[in-house]
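A.B. asks: Here is a sequence with its predicted model. Questions after.
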Amino acid sequence: MKGYILLVVVLAVSSALFLGPEEQDTEDFVDCGEAKNIDEINKVDTRHDDILEPQNTQNSVVIQDDFLWTSPVAYVLENDLELNAKGVILKAFDQFRLKTCIDFKQRDSEDYYISVQKLNGCFSYVGRLMSGQPVSIGKYCDEISTVEHEFLHALGFYHEQNRYDRDEHVTIAYENIQEGFVDNFIKVRSEESTTMGVPYDYWSVMHYGPNAFSNGNGSTIMTKDEQYQGVIGQRRDMSPWDVLELNRRYKCSSTVAFNMYCGFSESDCQMTRCSRKGNDWKRVTYAYGGPRSDHTSLPTGSTYGDQTIGYFMHASTAKGTEGDSAWLETKRMMPTRECHVQCLQFYYYHSGNESDILNIWIREFHDERDFTGTRRLMGQITGPQTSHWQIHHVSLNAKKDFQVEFEARKGAGKSSGGFSIDDINLSEIECPHVTIQFNDFEELLSSSSYNTVLNSPRQYSRGGYSYRVSVVLFKTFAGAFVQLLSGKNDDQLEWPCPYRQVTMHLVDQTPNIKMHMTMQRSFTTDPTTINSQGFNFWDDPRKIGNPFKDQNNQTVYGGPRYGPKYFARLETLKSRSFLKGGSAVFTFTFEDLNLLINKSALPCPQIAPVKIAYPPKDLDSGPCSPRIPSTTRPPQTKTTPITALPKTTDDDSIFGFSPAMVASPVLTLLLALMLLIL
């Protein structure tokens, strides 16, 4: 059974568009609640800890290699697991693949494997010990950070605050620990443990929170550096030092699913460039018409920005004639995963004419002797200028050796700028389905009325369900919600909507995605649950919803909005790189989990045909390298020399929303009208 990668919808939203947005009755929202800490979950079963420990050691990382797993780690998702937990576990596996050399596979006949079950709480053994080794992801454990925490135990990690050097970094208040729980805070000797040379990590996903196992008289853990008191116990994602420690322990020299990062400021990304008649891509620190700085060094919510001079790539469209183009090409890469799915993420800045175009191609090569390859257009950006660096995702499906090519093409109108790109990431992980960027978000949050709703346009899931996502502003925090809408396929769909998992992210915009600690929540529609009012939240919106007029003055029915009300608190937004240059990025996915009900994996998604608003009509001249004659001075009238550069879905599926129109004036007007009308 084939799935389809959803169209990557990118909405770059500035505060200017939100003059008079919708204000809703709070009864329209259903809060799915906040994530629970592991010690809070396990208290229900009076469990002292989340470690099943047959050994008499508490090392930060298990020392003996005999206790380490061989990658790929075999696993079974047992049928007693909640379906949402299964989906979250698969997402956690992708994070391990993206950031480490640890891979996971469904068990065939392996002697050693992990049996993931729903038992009474969240817990695991430490290291590889037995066949069918249990990891419990019980009720309320279905958060990605909790799953990562328990699997890090299974991979050989103990808790961070048990390190032998912890007294240099935290103080344990034994008088505030519940009776019978002091063993959880035992420190281990350096002779019995290893930290792999990684510094003490307040951000570790393996660290207890400040009030873990408290008797109610105060915190049990106090950080020596007070600024980290609110950091310990974070439940967002593995920290970069967690990742470093795991990679060192398993002697990783590469990752499973990460292809490249290029920030253009430090080392050679092995990228090449050439041009057809017009201006070439240039490595610059600023560009006339904008931007004035690179994206990498923009300030975050917790910093004033990198003081070093940062570089980005810029292709000017100020000179030349219509159709002139400049090409920037990555090195050749080889897909390694069974699913031929890649996600290209980058930031762009458009300061040229609205008729200028940035095309994103992939070029696949038949074999090592093929130097020409075959190109396919995978995405396109055009339309009005931007005022901020904008995030963009393009879904790819390369099956052979390939490279990504950025083509900046001059349009018909007069230009005083061009296209700029920075912070390119390429991975073998599926792209998000919906991406919304809010510029000047902290100001927008504080200046908007309490309970202000910002809606996306209508989306269609791969199964044909109509929905929209909403970010709701509450002055000091923001909620994220999904709402089913009436749509064109309703009479052919199953109601209530069965077992679709919605995942929402507040994106950590640290330039390299391997360093991300993104905020993430997931929930799954359940067609069997009836609420206190006697209906299912996921039933046909025409039956349970309220009518409203869309931007086309058509009547649409919307069901309840469901999601975490306290998804993004202001203190969270100001940490890490959740704000970058003042912008916040929210992404969403809407996935069918029905095939996981009795299985341990989902089928590979496939990309639907890409529709492009302005398809180029000129013939393929091949990649930059073959275009350059083998002379020291190439003809100036045709090309510029190949140059090595320093380092570093837009598929139109059944969403029916073309990425080529993302920045078009029509879309901007429609988006503004929606926010005024809905």
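C.D. replies: Good, I have the coordinates. Keep in mind the model is a prediction, meaning the values are calculated, not measured.
A.B. asks: quick one: the strands in the stretch 151-300 of the chain?
C.D. replies: 170-172, 221-223, 258-262, 268-276, 281-284 (DSSP state E, counting those that start in this stretch).
A.B. asks: Partner strands of the first one, with direction?
C.D. replies: Here the strand partners of strand 170-172, with direction, are listed using DSSP bridges: strand 221-223 (antiparallel).
A.B. asks: One more: the longest one?
C.D. replies: With DSSP bridges as the criterion, the sheet partners recorded for strand 268-276 are strand 325-329 (antiparallel), strand 645-646 (antiparallel).
A.B. asks: Out of those strands, which gets the lowest mean score?
C.D. replies: If you rank those by mean pLDDT, strand 645-646 sits at the bottom with a mean of 37.
A.B. asks: Let me have the strands paired with strand 268-276 in TSV, extended by mean neighbour count and distance to Lys43.
C.D. replies: C-beta coordinates here come from the backbone N, C-alpha and C atoms, glycine included. Shown next, in TSV, are the strands paired with strand 268-276 (neighbours: other CB atoms under 10 Å; distance: least, CB to CB, whole Å):
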stretch	mean neighbour count	distance to Lys43
strand 325-329	25	55
strand 645-646	18	53
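A.B. asks: if we can go back for a sec, the strands of the stretch 151-300 of the chain: lowest mean pLDDT?
C.D. replies: strand 268-276 (a mean of 88).
A.B. asks: what's the spacing between that one and its chain's center?
C.D. replies: 27 Å (CA atoms, centre = their mean, to the nearest Å).
A.B. asks: now it against strand 258-262, angle please.
C.D. replies: 70 degrees (axes from the mean of the first three to the mean of the last three CA atoms, to 10 degrees).
A.B. asks: Just the strands from the stretch 551-678 of the chain, written as ranges.
C.D. replies: Under DSSP E, counting those that start in this stretch, the stretch 551-678 of the chain gives strands at 555-558, 561-563, 568-569, 584-592, 605-607, 645-646.
A.B. asks: Among the ones you listed, which comes closest to Asp508?
C.D. replies: Closest approach to Asp508 among the strands of the stretch 551-678 of the chain is made by strand 584-592 (9.1 Å; CB to CB).
A.B. asks: Identify all contacting residues around the closest one.
C.D. replies: For strand 584-592, contacts defined as CB atoms under 8 Å, 6 or more residues apart in numbering pick out 3, 6, 87, 391, 430, 432-438, 441, 459, 461-463, 465, 467, 469, 471, 480, 482, 499-507, 509, 568, 573, 578, 602.
A.B. asks: out of those residues, which are inside helices?
C.D. replies: With DSSP state H as the criterion, helices contain Gly87, Phe441, Leu573 from among those.
A.B. asks: dump the residue contacts of the last one.
C.D. replies: Applying CB under 8 Å, 6+ apart, one finds that Leu573 lies in contact with Gly301, Phe441, Glu442, Leu445, Leu506, Leu579, Ala584.
A.B. asks: same thing but at 7 Å, please
C.D. replies: By CB atoms under 7 Å, 6 or more residues apart in numbering, Leu573 lies in contact with Gly301, Glu442, Leu579, Ala584.
A.B. asks: ok, Leu396 - how many residues close by?
C.D. replies: As a burial measure, Leu396 scores 27 neighbours (other CB atoms under 10 Å).
A.B. asks: Surely it is in contact with Gln345?
C.D. replies: No: contact criterion CB atoms under 7 Å: Leu396 and Gln345 do not qualify, at 11.0 Å.
A.B. asks: By mean pLDDT, which helix or strand of this structure comes out lowest?
C.D. replies: Every helix and strand of the chain was ranked by mean pLDDT, DSSP states H and E. The lowest is strand 3-5, at a mean of 34.
A.B. asks: Give me the below-cutoff pLDDT ranges for the stretch 201-350 of the chain.
C.D. replies: The stretch 201-350 of the chain contains residues with pLDDT under 70 at 267-268, 278, 305-306.
A.B. asks: all helices for it, in order.
C.D. replies: Using DSSP state H, counting those that start in this stretch, the helices of the stretch 201-350 of the chain run over 240-249.
A.B. asks: what does the stretch 1-150 of the chain give?
C.D. replies: Going by DSSP H, counting those that start in this stretch, the stretch 1-150 of the chain shows helices at 38-42, 83-99, 144-154.
A.B. asks: closest to Gln178 out of these?
C.D. replies: Gln178 lies closest, by CB to CB, to one member of these: helix 38-42, at 9.7 Å.
A.B. asks: Can you lay out the strands of the stretch 151-300 of the chain as a markdown table showing distance to Leu595?
C.D. replies: Listed next are the strands of the stretch 151-300 of the chain as a markdown table, based on distance: least, CB to CB, whole Å:
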| stretch | distance to Leu595 |
| --- | --- |
| strand 170-172 | 45 |
| strand 221-223 | 42 |
| strand 258-262 | 27 |
| strand 268-276 | 38 |
| strand 281-284 | 43 |
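A.B. asks: neighbours of Ser109, just the number please.
C.D. replies: Ser109 has 6 nearby residues by other CB under 10 Å.
A.B. asks: Distance of it relative to Leu595?
C.D. replies: 23 Å (CB to CB, to the nearest Å).
A.B. asks: Same check on Tyr450?
C.D. replies: Tyr450 sits 41 Å away from Leu595, going by CB to CB.
A.B. asks: before we move on, what about His433?
C.D. replies: Between His433 and Leu595 the computed distance is 18 Å (CB to CB).
A.B. asks: So these two - more neighbours on which side?
C.D. replies: When neighbours are counted by other CB under 10 Å, His433 and Leu595 differ, and His433 comes out ahead with 26 against 13.
A.B. asks: His207 against Phe157, yeah?
C.D. replies: No: using CB under 7 Å, His207 is not in contact with Phe157; the gap is 11.0 Å.
A.B. asks: Please parse the protein into its domains.
C.D. replies: As recorded under automatic domain parsing, the domains making up the chain are 3-33+434-606, 38-249, 258-298+307-428+613-649.
A.B. asks: and the one helix or strand Asn425 maps to, what other elements does it pack with?
C.D. replies: Assigned by DSSP states H and E, Asn425 belongs to strand 418-427. Applying 3 or more CB pairs under 7 Å, 6 or more residues apart in numbering; DSSP states H and E, one finds that strand 418-427 makes contact with strand 258-262, strand 312-316, strand 342-350, strand 402-409.
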